[in-house]
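Trainee: Generate a structure from the sequence data that follows.
(one chain, ligands or ions: 1)
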Amino acid sequence: MNDITRPIPFLDLKAQQVRIAADLKPRIDAVLAHCQFVLGPEVVELEQKLAAFCGAAHCVSVSSGTDALQIAMMAEEIGRGDAVFLPAFTYTATAEVPLVLGATPVFVDIDPHTFQIDPSHLRARIEEVKAAGKLRPRAVIGVDLFGQPADWPQLRAIAEEFGLFTLDDCAQAFGAIHHGVRLGAAADATATSFFPSKPFGAYGDGGALFTDSDERAALYRSLRTHGEGAARYEVLRTGMNGRLDTLQAAVLLSKLTVFEEELDARARIAAVYDSRLGNAVTTPARVPNSVSAWAIYAILLKDGESRDRMQAGLKAAGVPSAIYYPRPLHHQPAYASAHDGTPLPISEDISTRIMALPLHPDLTHHDIDRICTAVLANC
Ligand SMILES: *Cc1c(COP(=O)(O)O)cnc(C)c1O
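Mentor: Take a look at the predicted model:
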């Protein structure tokens, strides 16, 4: 296969592995030598480095991004009768966690340009729930969708007004900057994911919680180890098995050495897409005062038919694409019965015509050129 028709990978973890190999292998060997596979020294080192990296007082590593969300909600004792406000246009885990805990997700619509949760609709939804008097408004999960920050100053102001806990679902945006600082302390707690395809991914599942609260950090540490107290085998609360593996911490320590360069590379590629494609398709609007982590570069097509045509044309040219997300969560079979029926027209419309292009730090100039040429040829 010549280079012109070679399929471009949507994500290239092999190329990244080659880049970090000299640092990665000794770190993995060190874990194999000490055999502390759970809560080993690499886990402690990673937590210290990540807290410093994003400016939060505490980092508590956990077994996945989903478990990070769950532990944060469990620490607030959120459950039956509680309303948890979250965007309808996000990954399934954001809504799954309140439901698993017996709480009710209340879906909020998004901004049509940035795709982030719409603060004015959040306020309207909180007021609706209060007026209906059936559920207790308890928490807001803001999602930093595709790597850009949600409107945290506004979300926090609304949450404070109604006395709600704020949880930042930062699974796609670890490393992003908002108002000059990295995400990690924008909400009462911040949850991130180290799933391999995220901008800061491990070689398996993993996640972390960040908070400035000493009490919350202590609860998170207890909850990730079955609700254990200070004494071993003393169980203070119902928790879970939610720890990060030492081997994954070693991988992440290695990836942290190149993470800022990778964020810069992602931003440079996004800027090339903007300038090459901006006249032909709707390229991503930027959240003001922010630097995205560019988990996903999503363009908008005119309608679903144009998207089908574009995806088929790209595929024929060896260019992969993906749809995040083809259905808003209130239309998912598993969640529809939890929804109060409010139309969420922006989420419904965007899901029919959004499409993501490959964006990872190991895309070559040649790949980027092929991708842009293929998009322009199929408009
Ligand atoms: C990936 C993701 C999660 C879940 O993270 P896992 O580590 O896969 O459990 C949660 N929320 C959002 C927005 C995500 O993209």
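
Trainee: from here on, contacts and neighbour counts on C-alpha atoms
Mentor: OK.

Trainee: From the contact counts, what lies against the top helix by length along the chain?
Mentor: For the chain, the helix with the greatest residue count under DSSP state H is helix 246-277. Counting contacts by 3 or more Cα pairs under 8 Å, 6 or more residues apart in numbering; DSSP states H and E, helix 246-277 packs against helix 13-34, helix 41-54, helix 365-377.

Trainee: 10 Å - rerun?
Mentor: Contact here means 3 or more Cα pairs under 10 Å, 6 or more residues apart in numbering; DSSP states H and E; on that basis helix 246-277 packs against helix 13-34, helix 41-54, strand 290-291, strand 297-300, helix 365-377.

Trainee: Put together TSV for these, with mean neighbour count, distance to the ligand and mean pLDDT on each row.
Mentor: Formatted as TSV, the helices and strands packed on helix 246-277 follow (neighbours: other Cα atoms under 10 Å; distance: least, Cα to the nearest ligand atom, whole Å; pLDDT from 0 to 100):
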stretch	mean neighbour count	distance to the ligand	mean pLDDT
helix 13-34	14	17	97
helix 41-54	18	16	98
strand 290-291	20	17	98
strand 297-300	21	13	98
helix 365-377	17	24	97
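
Trainee: and of those, who's closest to Gly318?
Mentor: helix 365-377 (8.8 Å; Cα to Cα).

Trainee: Next up, the contacts around Ala83.
Mentor: Neighbour list for Ala83: 98, 102-107, 126, 129-130, 134-140, 164 [criterion: Cα atoms under 10 Å, 6 or more residues apart in numbering].

Trainee: Same question for Asp303.
Mentor: Asp303 makes contact with Asp349, Ile350, Ser351, Thr352, Arg353, Ile354 under the criterion Cα under 10 Å, 6+ apart.

Trainee: Tell me which of those residues fall in helices.
Mentor: Counting by DSSP H, the part of the contacts of Asp303 found in helices is Asp349, Ile350, Ser351, Thr352, Arg353.

Trainee: Show me what from the protein comes close to the ligand.
Mentor: 64-66, 90-91, 93-94, 143, 169, 171-172, 193-195, 205-207 (Cα under 6 Å from any ligand atom).

Trainee: Now with 8 Å, please.
Mentor: 63-69, 90-94, 143-146, 169-172, 192-195, 198, 205-207 (Cα under 8 Å from any ligand atom).

Trainee: how many neighbours does Val38 have?
Mentor: Per other Cα atoms under 10 Å, the neighbour tally for Val38 reads 14.

Trainee: Let me see the backbone angles for the residue nearest to Arg286 when sequence neighbours are not counted.
Mentor: Distance criterion Cα to Cα, 6 or more residues apart in numbering; nearest residue to Arg286, sequence neighbours excluded, is Thr114 at 6.5 Å. Torsion angles at Thr114 (phi, psi; degrees, to the nearest 10) stand at phi -90, psi -10.

Trainee: mind checking how far Thr114 is from Asp264?
Mentor: Using Cα to Cα, to the nearest Å, Thr114 is found at 20 Å from Asp264.

Trainee: Please apply the same query to Pro343.
Mentor: Noted for Pro343: a distance of 38 Å to Asp264, by Cα to Cα.

Trainee: Compare those two and say which is more crowded by neighbours.
Mentor: Asp264 (16 against 13).

Trainee: Pretty sure that one sits against Asp362.
Mentor: No: assessed by Cα atoms under 10 Å, Asp264 is found out of contact with Asp362, at 11.8 Å.

Trainee: Please report which of the contacts of Asp303 has the highest neighbour count.
Mentor: For these, counting by other Cα under 10 Å, the largest number of neighbours falls to Ile350: 25 neighbours.

Trainee: For that one, list the residues it contacts.
Mentor: Contact partners of Ile350, counting by Cα under 10 Å, 6+ apart, are 89, 110-113, 115, 300-301, 303-304, 324-328.

Trainee: ok, of those residues, which come out buried?
Mentor: Phe89, Ile110, Phe115, Leu300, Leu301, Gly304, Tyr324, Tyr325, Arg327, Pro328 (16 or more other Cα atoms under 10 Å).

Trainee: Go through those residues and flag which are in strands.
Mentor: If you go by DSSP state E, the buried ones among the contacts of Ile350 have Leu300 in strands.

Trainee: Greatest separation within the buried ones among the contacts of Ile350: which pair is it?
Mentor: The largest separation in the buried ones among the contacts of Ile350, counting by Cα to Cα, is between Ile110 and Gly304 at 19.0 Å.

Trainee: Would you mark the buried spots in stretch 162-181?
Mentor: By 16+ other Cα under 10 Å, the buried positions in stretch 162-181 come out as 162, 164-178.

Trainee: Determine which two of those are furthest apart.
Mentor: Phe162 and Gly175 (29.3 Å).
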